[in-house]
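Engineer: Got a predicted model here, sequence first, then my questions.
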Amino acid sequence: MALALDSKLTQAELDQLCVNSIRVLAIDAVQKANSGHPGMPMGMAPVAYLLFTRYLKHNPKNPHWYGRDRFVLSAGHGSMLLYASLHLTGYDLPLDELKRFRQLHSKTPGHPEHGLTPGVETTTGPLGQGFGNGVGMAIAAKHMAARFERDNVRLFEHRIFAIVSDGDLMEGIASEAASIAGHLGLGNIVYLYDDNHVTIDGHTDLSFSEDVTRRFDAYGWHTQVVENANDLAALGHAIDNAIAEDGRPSLIRVRSHIGYGSPHRQDTSEAHGKPLGPDEIKLVKQFYGWPAEPDFYVPDAAREEFRKCVERGAQYERDWQDRFDGWAKAQPEPAAQFRAMVAGELPEGWDAGLPVFTKDQSFATRESASKAERAIHPLVWNLFGGAADLNESTFTDVVDGGDFERGNYAGRNLHFGIREHGMCAILNGIALHGGFIPYGSSFFVFTDYCRPSIRLAALMEQHVIYVFTHDSIGVGEDGPTHQPVEHLTAMRAIPNLTVIRPGDANEAVEAWRAAMTHRGGPVMLVLSRQKVPTLDRSATAPAAELARGAYVLCETAGRTPELILIGTGSELHLAVGAKAELEKRGHAVRVVSMPSFELFERQSQAYRDEVLPPAIRKRLAVEAGAPDGWYRWVGIDGDVVAMTSFGASAPANDAMKHFGFTVENVAERALKLIGR
């Protein structure tokens with residue numbers, strides 16, 4: 001393996017030098033941090049080298065160039081494989097950042113983080129997420145091409161490349177995403193599977209003996225096998241074949257060796273998540289023909305070869321920009337639409353058709369929210385998504401929008417099937433691709449299946465909209481398996497996720513307005529199955545106040561309130577009804593609508609104190625969910641009418657009455673609070 005590092009090299013020797021440069025940077029970074037996963041980068045360095053230098057259309061000096069191919073390291077534990085490749089090919093990731101691997105405030109965290117490191121397309125680490133994100137990116141590219149591609153301008157022909165691991169393929173989310181990708185025939189996907197036969201606990205035979213190739217054949221993927229990850233010619237041939245296959249997504253199973261070159265760690269779980277140690281590193285570098293010192297050494301010949309990506313990438317972008325400029329000149333209106341979409345701008349007048357409801361109308365908030373959404377769809381083409389086989393319940397379909405299917409990528413309705421987890425990972429990929437406001441819908445109880453993907457959307461600050469209906473025990477006869485109880489608390493606990501639970505039809509409309517205009521994170525609309533009365537807005541504050549998260553809905557005229565009733569969702573009208581009952585008994589009451597904790601938290605302290613005056617300590621919140629999060633707002637002198645058990649199978653009204661969600665019970669609890 002020894003190479004004359006300073007002499008004239010053959011192409012094969014130069015290739016090997018470049019591959020080993022990736023390996024050594026990964027080994028040294030993990031050792032310096034005394035933490036990380038060296039084995040995967042050692043095994044898959046040849047794949048990364050080929051992808052970044054010969055196949056990916058990317059511009060290291062402009063990581064956000066829209067026409068680029070996307071690369072996803074779904075096996076995010078092998079992050080040094082990506083960091084080394086980005087550094088070597090000329091991204092703004094200096095060697096000093098590799099030396100600060102896994103340190104506070106470095107650009108090289110333990111797992112790749114979108115928005116932190118130039119060239120990192122998505123945050124990965126939780127296995128299977130990157131797999132699903134890549135499917136979303138591929139869907140977005142297909143939909144964008146169907147909308148704008150004309151006259152073979154080839155503005156949206158970019159592909160999604162990924163490296164996936166045994167762990168990715170074991171996680172159920174990958175099965176969901178792979179199934180829909182095969183169904184849709186997403187031929188712009190090329191995934192390379194790191195088949196190294198090793199997981200944390202040992203050999204994959206412990207738990208994973210399926211034939212992955214046949215499994216993906218059954219999904220409708222194009223599959224190939226490369227028996228040796230170090231065979232660059234075989235790898236290149238397989239990637240060429242995958243690129244040529246435009247009617248099916250491609251999976252290339254690459255037989256690799258974790259910890260390649262380590263005499264005592266190769267092909268063992270010891271190479272997975274631990275530094276090799278100084279003595280073993282010395283032996284590995286000897287095997288690679290590498291000098292033992294200095295650490296982080298990259299030969300000039302290798303660096304020069306990698307840096308060819310800079311000019312090559314600039315040329316890729318220039319060629320694309322020339323095509324775009326010609327298209328924009330010939331098609332100025334579509335070009336302006338495209339630019340606005342990528343910039344995240346909403347069309348002028350996008351909300352002009354939003355409905356206004358009157359007090360004599362009664363709707364489930366899923367219905368009124370749907371009417372708002374359907375007023376937006378004709379004006380905002382890039383509001384793009386669908387349901388997890390629940391359109392007849394969530395009402396989120398685009399009327400006459402057509403179905404996004406193989407052969408009709410212009411269709412505006414994405415059918416995710418019964419795949420909530422895959423759906424939400426795909427939504428993240430659509431958002432990351434750029435140009436779209438993705439949304440997905442299901443029953444609220446199934447956020448249990450979605451939470452990891454929702455959490456990552458929040459971590460990545462992606463503008464994703466979730467429309468979850470059937471939000472409480474008001475689901476009724478379906479019973480406790482389908483009645484969310486703890487879910488509001490769980491969702492509100494996710495940092496940077498904005499949860500909105502509107503209390504009537506007009507708040508539901510404003511919830512959609514807030515969701516469309518929000519930036520810097522996902523928004524979740526939590527909507528009722530059962531009908532709720534539309535409040536008389538002539539006698540209360542306007543629903544537009546929802547944008548503040550909480551507001552004074554109504555209060556006893558001319559008197560300082562003794563008590564504040566706080567309501568959300570389908571329980572808001574109970575607070576209004578209880579106010580009337582308490583007033584009959586001589587009490588002064590304020591009713592606060594609080595559809596969103598998170599929006600309220602963003603208001604000034606002065607405004608929050610105006611809505612919830614610190615001097616008024618008797619406060620009663622009413623919500624058909626777990627009470628935990630409410631104590632911040634009601635305080636130690638307050639109380640909550642809430643759920644402290646699972647629900648029950650019964651008609652909605654009977655269930656609500658049984659668990660105390662009635663005007664009478666709210667008034668009684670309020671009287672007890674006043675009388676303390």
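Structural biologist: In hand now; what should we look at? Residues are numbered from 1 along each chain as shown.
Engineer: Over to the closest residue to residue 467 other than its chain neighbours: give its phi and psi.
Structural biologist: In space, and not counting its chain neighbours, residue 467 is closest to residue 441: 3.9 Å by C-beta to C-beta, 6 or more residues apart in numbering. Just so you know, the C-beta spots here come from the backbone N, C-alpha and C atoms, and that holds for glycine as well. When read as degrees, to the nearest 10, the backbone of residue 441 gives phi -140, psi 150.
Engineer: Number of residues surrounding residue 441?
Structural biologist: By other C-beta atoms under 10 Å, the residues close to residue 441 number 29.
Engineer: Same question for residue 333.
Structural biologist: Counted by other C-beta under 10 Å, the residues lying close to residue 333 total 8.
Engineer: who does the residue nearest to residue 467 bridge with?
Structural biologist: On the basis of DSSP bridges, residue 441 is bridged to residue 387, residue 467.
Engineer: who's in contact with it?
Structural biologist: By C-beta atoms under 8 Å, 6 or more residues apart in numbering, the contact set of residue 441 is 385-388, 390-391, 394, 396, 466-469.
Engineer: In stretch 645-663, which residues are buried?
Structural biologist: Judged by neighbour count (16 or more other C-beta atoms under 10 Å), stretch 645-663 contains these buried residues: 647, 649-650, 652, 655-656, 659-663.
Engineer: Pull the most distant pair out of those residues.
Structural biologist: 649 and 663 (24.0 Å; C-beta to C-beta).
Engineer: thought residue 517 was touching residue 346?
Structural biologist: Yes. The criterion here is C-beta atoms under 8 Å, and residue 517 meets it with residue 346 at 7.3 Å.
Engineer: quick one, which of these two is more surrounded?
Structural biologist: residue 346 (17 against 13).
Engineer: who's in contact with the more buried one?
Structural biologist: 380, 516-517.
Engineer: same thing but at 10 Å, please
Structural biologist: 340, 376, 379-380, 382-383, 437, 516-517 (C-beta atoms under 10 Å, 6 or more residues apart in numbering).
Engineer: Of those residues, just the buried ones, ChimeraX syntax please.
Structural biologist: In ChimeraX, this line selects whichever of those come out buried by 16+ other C-beta under 10 Å:
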select :376,380,382,383,437,516
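Engineer: Format the contacts of residue 346 as CSV; extra columns: distance to residue 203, pLDDT and secondary structure.
Structural biologist: CSV is the format used below for the contacts of residue 346 (distance: C-beta to C-beta, whole Å; pLDDT from 0 to 100; DSSP: H, G, I helix; E, B strand; the rest coil):
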residue, distance to residue 203, pLDDT, secondary structure
340, 53, 97, helix
376, 53, 98, helix
379, 56, 96, coil
380, 51, 97, coil
382, 47, 97, coil
383, 47, 98, strand
437, 45, 98, strand
516, 50, 98, helix
517, 52, 98, helix
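Engineer: closest to residue 107 among the contacts of residue 346?
Structural biologist: Residue 107 lies nearest to residue 437 out of the contacts of residue 346, by C-beta to C-beta, at 28.4 Å.
Engineer: wait, isn't the closest one in contact with residue 373?
Structural biologist: No. Counting by C-beta atoms under 10 Å, residue 437 does not reach residue 373; the two are 11.4 Å apart.
Engineer: overlap in contacts of the two?
Structural biologist: Common contacts of residue 437 and residue 373, defined by C-beta under 10 Å, 6+ apart, comprise 380, 383, 465, 515-516.
Engineer: for those, which one is nearest residue 17?
Structural biologist: residue 465 (48.3 Å).
Engineer: Compute the distance between the closest one and residue 665, please.
Structural biologist: Distance from residue 465 to residue 665, counting by C-beta to C-beta, to the nearest Å: 34 Å.
Engineer: Repeat that for residue 586.
Structural biologist: Taking C-beta to C-beta, one finds residue 586 at 20 Å from residue 665.
Engineer: Which of those two has more residues huddled nearby?
Structural biologist: For residue 586 versus residue 665, neighbours defined as other C-beta under 10 Å are more numerous around residue 665 (17 against 9).
Engineer: Touching, the more buried one and residue 575? I think so.
Structural biologist: No. Judged on C-beta under 10 Å, residue 665 makes no contact with residue 575 at a distance of 11.8 Å.
Engineer: can you list residues touching both of the two?
Structural biologist: By C-beta under 10 Å, 6+ apart, residue 665 and residue 575 have these common neighbours: 622, 641.
Engineer: average model confidence for stretch 650-662?
Structural biologist: Per-residue pLDDT over stretch 650-662 has a mean of 97.
Engineer: now the end-to-end length of that stretch.
Structural biologist: 16 Å (C-alpha to C-alpha, to the nearest Å).
Engineer: what's in contact with it?
Structural biologist: In contact with stretch 650-662 (C-beta under 10 Å, 6+ apart) are residues 472-477, 479-480, 483, 485, 528-531, 570-571, 574, 577-578, 622-624, 641-645, 647-649, 664-666, 668-669.
Engineer: and those, which of them are in helices?
Structural biologist: Judged by DSSP state H, those include 574, 577-578, 664-666, 668-669 as members of helices.
Engineer: Buried ones from those, can you make that a ChimeraX selection?
Structural biologist: Buried subset of these, written as a ChimeraX selection, criterion 16+ other C-beta under 10 Å:
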select :574,577,578,665,666,669
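Engineer: CSV for the ones in helices among the contacts of stretch 650-662, including distance to residue 492?
Structural biologist: Below are the ones in helices among the contacts of stretch 650-662 laid out as CSV (distance: C-beta to C-beta, whole Å):
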residue, distance to residue 492
574, 20
577, 25
578, 24
664, 28
665, 24
666, 22
668, 27
669, 22
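Engineer: avg pLDDT for the helix or strand hosting residue 169?
Structural biologist: Assessed by DSSP states H and E, residue 169 sits inside helix 166-170. The average pLDDT for helix 166-170 rounds to 97.
Engineer: can you check stretch 427-435 too?
Structural biologist: 98.
Engineer: Stretch 387-395 now?
Structural biologist: Per-residue pLDDT values across stretch 387-395 average out to 96.
Engineer: List of residues touching it?
Structural biologist: So stretch 387-395 is in contact with 176, 364, 366-371, 373-374, 386, 396-398, 413-424, 439-443, 446, 449-450, 467-470, 527, 529, going by C-beta under 10 Å, 6+ apart.
Engineer: in it, what's buried?
Structural biologist: Here stretch 387-395 shows 387-390, 394-395 as buried, counting by 16+ other C-beta under 10 Å.
Engineer: okay if I get those residues as JSON lines plus distance to residue 309?
Structural biologist: JSON lines is the format used below for those (distance: C-beta to C-beta, whole Å):
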{"residue": "387", "distance to residue 309": "41"}
{"residue": "388", "distance to residue 309": "40"}
{"residue": "389", "distance to residue 309": "43"}
{"residue": "390", "distance to residue 309": "45"}
{"residue": "394", "distance to residue 309": "45"}
{"residue": "395", "distance to residue 309": "48"}
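Engineer: Can you tell me which of those comes closest to residue 231?
Structural biologist: Checking these one by one against residue 231 (C-beta to C-beta), the nearest turns out to be residue 388, at 41.4 Å.
Engineer: Now that closest one, what are its backbone angles?
Structural biologist: Main-chain dihedrals, residue 388, degrees, to the nearest 10: phi -90, psi 70.
Engineer: How about residue 589?
Structural biologist: phi -130, psi 140.
Engineer: Leaving out sequence neighbours, find the closest residue to it.
Structural biologist: Per C-beta to C-beta, 6+ apart, closest to residue 589 is residue 579, 4.4 Å.
Engineer: Tell me how far that neighbour lies from residue 530.
Structural biologist: Separation of residue 579 from residue 530 (C-beta to C-beta): 21 Å.
Engineer: wait, residue 225 sits on residue 238?
Structural biologist: Yes. Counting by C-beta under 10 Å, residue 238 is a contact partner of residue 225 at 8.1 Å.
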